[in-house]
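[1] Predicted coordinates and the sequence they were generated for:
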Amino acid sequence: MAAVTVLPVSLSARFKGSFAYFTIKDRLPQILTKVIDTLHRHKNEFFEEHGEKGVEAEKRAISFLSKLRNELQTDKPVTPLEDELPDAALWNQYLDYQRNLANGSGELSWFQSPWLFVECYMYRRIHAALAQNPPIENFDVFKEGKAQNFFESQEAVIALCTYFQELLKNIKDLDEKQLQEELFKLLQVSLWGNKCDLSFSAGGDSSQKSSPLQSLGNLLPYIVVNDMEKIWSLFVNAKKRNTEKSNVRVDIVLDNAGFELVSDFVLADFLLSSKLADEVHFHGKSIPWYVSDTTKHDFNWTVKQLQSANHMWMSRCGINWEGNLKKGVWVYHDHMFWTLPHDFSSMAGVAPDLYADLQKSNLIFFKGDLNYRKLTGDRKWEYTVPFHQALNKFHPAPLCSLRTLKSDTQVGLKPGQGEEIQASEPEWMVMGKYGIVQIDAAL
Ligand SMILES: O=P(O)(O)OC[C@H]1O[C@](O)(CO)[C@@H](O)[C@@H]1O
Ligand SMILES: [Mn+2]
């Protein structure tokens, strides 16, 4: 008989004093308040664009959001979605599933439910507040914040683009060792780029201020799982095996727009320019999500911003990247699954088309904290549980998480390692100071 794996409990605000508890109690209401303020501030714009209809829609959206905030703060049951958006049925099935898991203990409230579920649910309701209210249905309440993060990171973007364009000049002459070193640097830039998300700071300033390359050495000790050597082996093996027959494909499941996205673009460009890979597939969100996550609009906007920048190397990057998209060696995808509440172990069942697509990849990078939570099911794992086990059969292809820790779940540590860091820095799992480059692949 096959062994049945017992999964640990889900993180949840029902554990008073936990990070989930503080997130739901403090941070989520703050985010909702900011969203409401944003809509207020755009009232005139809605009027100018759509007349009275625009203002009425804004009022309806605000009242829907105030009701949502009230439900959250008074720990009301999580209610089925009432809109007719294409994913509503899947959401409501998931809500039923969560209710059944709770052993029919009645309605599932905000503070009693799994954290991952209610947090995703809040963003889905924010989306509904707009999507149900034409003519402002396409307004992205987080757009301004994402743009601001990009502009405030300008110096870091310039430093990175300049470094990269210099590197490209002699990339053909680099030997294996040097290529490996450059790959490691750009992986780390993309990893630390994940510090710059906006839901963590509840929409406050979180831009990249210093030069992203200079500090890498100092940050190295904070990478608590470092599988960079394995990534290198994976590329070397993939090249050997694939020679002329088929392309080496890398996928990047994106996280935040702003500096992090630029760091992902640079990594993707490096993989092609160094010929370690032949095509890169990016996966973004189809609705505004977790304040700073990348949508198709953010993706294209960022490439355009770089292209038209008043700085030679920035614009060179933007022009090259636009070219990559036109040539089809860079491909942007979005899929409804990324904004469902399910963890990734359900992907093969819920979104078999996406799973099948990812199976074509030689290596999938998952950026950021939320993706890590979804990879590992957002559970109270022991630190030493192997990553492969926590993935709970999710394995479309070799995969790697590039994530700074902003939630209290972490697997794949050495015995005693977690306890040791905890002793010197009790908040280490939630402060965004530590990071992982964690791979699951048969090498
Ligand atoms: O952009 P990231 O790295 O996925 O982080 C999202 C953040 O939102 C959270 O879900 C907190 O609300 C944390 O897990 C994390 O801090
Ligand atoms: Mn994010």
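    All right, it came through fine. Source: prediction; values computed, not measured. Ligands and ions are numbered 1, 2, ... in the order given.

[2] export stretch 266-280 as CSV, just CAs?
    What follows is stretch 266-280, C-alpha atoms only, in CSV (Å, rounded to 0.1, in the frame of the first residue of the first chain):
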residue,chain,number,x,y,z
VAL,A,266,18.2,41.1,-17.4
LEU,A,267,18.5,37.5,-16.2
ALA,A,268,16.3,36.4,-19.2
ASP,A,269,18.4,38.4,-21.7
PHE,A,270,21.6,37.0,-20.2
LEU,A,271,20.3,33.4,-20.6
LEU,A,272,19.7,34.0,-24.3
SER,A,273,22.8,36.1,-25.0
SER,A,274,25.1,33.6,-23.3
LYS,A,275,23.3,30.8,-25.3
LEU,A,276,22.5,29.0,-22.1
ALA,A,277,18.9,29.1,-23.3
ASP,A,278,17.1,29.6,-26.6
GLU,A,279,13.7,30.9,-25.4
VAL,A,280,12.2,32.4,-22.3
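
[3] who touches it?
    160-161, 164, 167-168, 171, 174, 179, 182-183, 186-187, 189-190, 235, 239, 247-252, 282, 317, 320-321, 324, 328-331, 362, 365 (Cβ atoms under 8 Å, 6 or more residues apart in numbering). From N, CA and C alone the C-beta is placed, and that goes for glycine too.

[4] middle-most residue in the protein, spatially?
    For the chain, the residue nearest the mean C-alpha position is residue 255 (2.6 Å; Cα atoms, centre = their mean).

[5] how close does the closest residue to it other than its chain neighbours get to residue 268?
    Nearest residue to residue 255 in three dimensions, chain neighbours excluded: residue 368, at 3.1 Å (Cβ to Cβ, 6 or more residues apart in numbering). Applying Cβ to Cβ, to the nearest Å, the value for residue 368 to residue 268 is 16 Å.

[6] Same question for residue 325.
    11 Å.

[7] Between these two, tell me which one has more neighbours.
    residue 268 (24 against 16; other Cβ atoms under 10 Å).

[8] Which residue is the nearest non-sequential neighbour of residue 136?
    That would be residue 57: by Cβ to Cβ, 6+ apart, it lies 4.7 Å from residue 136.

[9] Make sure the one you found is actually in contact with residue 51.
    No. At 10.6 Å, residue 57 and residue 51 do not qualify as touching, with contact defined as Cβ atoms under 8 Å.

[10] ok, back up a step: check which helix or strand the residue nearest to residue 136 maps to.
    helix 52-73 (DSSP states H and E).

[11] Restricting the selection to alpha carbons, write that helix to CSV.
    Taking Å, rounded to 0.1, in the frame of the first residue of the first chain, the C-alpha atoms of helix 52-73 are listed here in CSV:
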residue,chain,number,x,y,z
GLU,A,52,-21.6,61.0,-14.1
LYS,A,53,-21.5,57.3,-15.0
GLY,A,54,-17.8,57.2,-14.0
VAL,A,55,-18.5,58.9,-10.6
GLU,A,56,-21.4,56.5,-9.9
ALA,A,57,-19.3,53.5,-10.7
GLU,A,58,-16.6,54.8,-8.4
LYS,A,59,-19.1,55.2,-5.6
ARG,A,60,-20.4,51.7,-6.0
ALA,A,61,-16.9,50.3,-6.1
ILE,A,62,-16.0,52.1,-2.9
SER,A,63,-19.1,50.9,-1.1
PHE,A,64,-18.3,47.3,-2.2
LEU,A,65,-14.8,47.7,-0.8
SER,A,66,-15.9,49.3,2.5
LYS,A,67,-18.2,46.4,3.0
LEU,A,68,-15.4,44.0,2.3
ARG,A,69,-13.1,45.7,4.8
ASN,A,70,-15.9,45.5,7.4
GLU,A,71,-16.4,41.8,6.8
LEU,A,72,-12.7,41.2,7.2
GLN,A,73,-12.3,43.3,10.4
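
[12] For the strand or helix carrying residue 236, which helices and strands make contact with it?
    Using DSSP H and E, the element containing residue 236 is helix 228-242. When contacts are defined as 3 or more Cβ pairs under 8 Å, 6 or more residues apart in numbering; DSSP states H and E, helix 228-242 sits against helix 176-193, strand 363-367, strand 435-440.

[13] do you know which of the ones you listed lies nearest ligand 2?
    strand 363-367 (8.2 Å; Cβ to the ion).

[14] mind checking how far that closest one is from the chain centre?
    Centroid separation for strand 363-367 versus its chain: 10 Å, with Cα atoms, centre = their mean, to the nearest Å.

[15] helices and strands around it, which ones?
    Partner elements for strand 363-367 (3+ Cβ pairs under 8 Å, 6+ apart): helix 228-242, strand 249-253, helix 259-273, strand 399-404.

[16] Is there proximity between it and ligand 2?
    No. Strand 363-367 lies out of reach of ligand 2 by Cβ under 5 Å from the ion, never closer than 8.2 Å.

[17] what about the residue nearest to residue 305 when sequence neighbours are not counted, distance to residue 310?
    In space, not counting the residues next to it along the chain, residue 305 is nearest to residue 150; the distance is 6.6 Å by Cβ to Cβ, 6+ apart. According to Cβ to Cβ, residue 150 and residue 310 sit 15 Å apart.

[18] And for residue 45?
    Counting by Cβ to Cβ, the gap from residue 45 to residue 310 is 27 Å.

[19] do residue 370 as well
    Taken as Cβ to Cβ, the span from residue 370 to residue 310 is 34 Å.

[20] the more surrounded of those two?
    Legend: neighbour count by other Cβ under 10 Å for residue 370 and residue 310, higher for residue 370 (24 against 6).

[21] Packing partners of the helix or strand where the more buried one lies?
    Per DSSP H and E: residue 370 is located in helix 368-376. Where contact means 3+ Cβ pairs under 8 Å, 6+ apart, helix 368-376 is packed against helix 387-390, strand 399-404.

[22] Dump these to a markdown table, plus mean pLDDT and mean neighbour count.
    A markdown table is the format used below for the helices and strands packed on helix 368-376 (pLDDT from 0 to 100; neighbours: other Cβ atoms under 10 Å):
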| stretch | mean pLDDT | mean neighbour count |
| --- | --- | --- |
| helix 387-390 | 98 | 19 |
| strand 399-404 | 98 | 26 |
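
[23] Let's have those in CSV, adding distance to residue 135.
    Below are the helices and strands packed on helix 368-376 laid out as CSV (distance: least, Cβ to Cβ, whole Å):
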stretch, distance to residue 135
helix 387-390, 45
strand 399-404, 38
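
[24] how about those in JSON lines, adding distance to ligand 2?
    Formatted as JSON lines, the helices and strands packed on helix 368-376 follow (distance: least, Cβ to the ion, whole Å):
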{"stretch": "helix 387-390", "distance to ligand 2": "20"}
{"stretch": "strand 399-404", "distance to ligand 2": "10"}
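
[25] Among these, which comes closest to residue 122?
    Residue 122 lies closest, by Cβ to Cβ, to one member of the helices and strands packed on helix 368-376: strand 399-404, at 21.3 Å.

[26] what's the offset of the helix or strand that comes right after the closest one from the middle of its chain?
    On the C-terminal side of strand 399-404, the nearest following helix or strand under DSSP H and E is helix 417-424. How far helix 417-424 lies from its chain's middle: 26 Å, per Cα atoms, centre = their mean.
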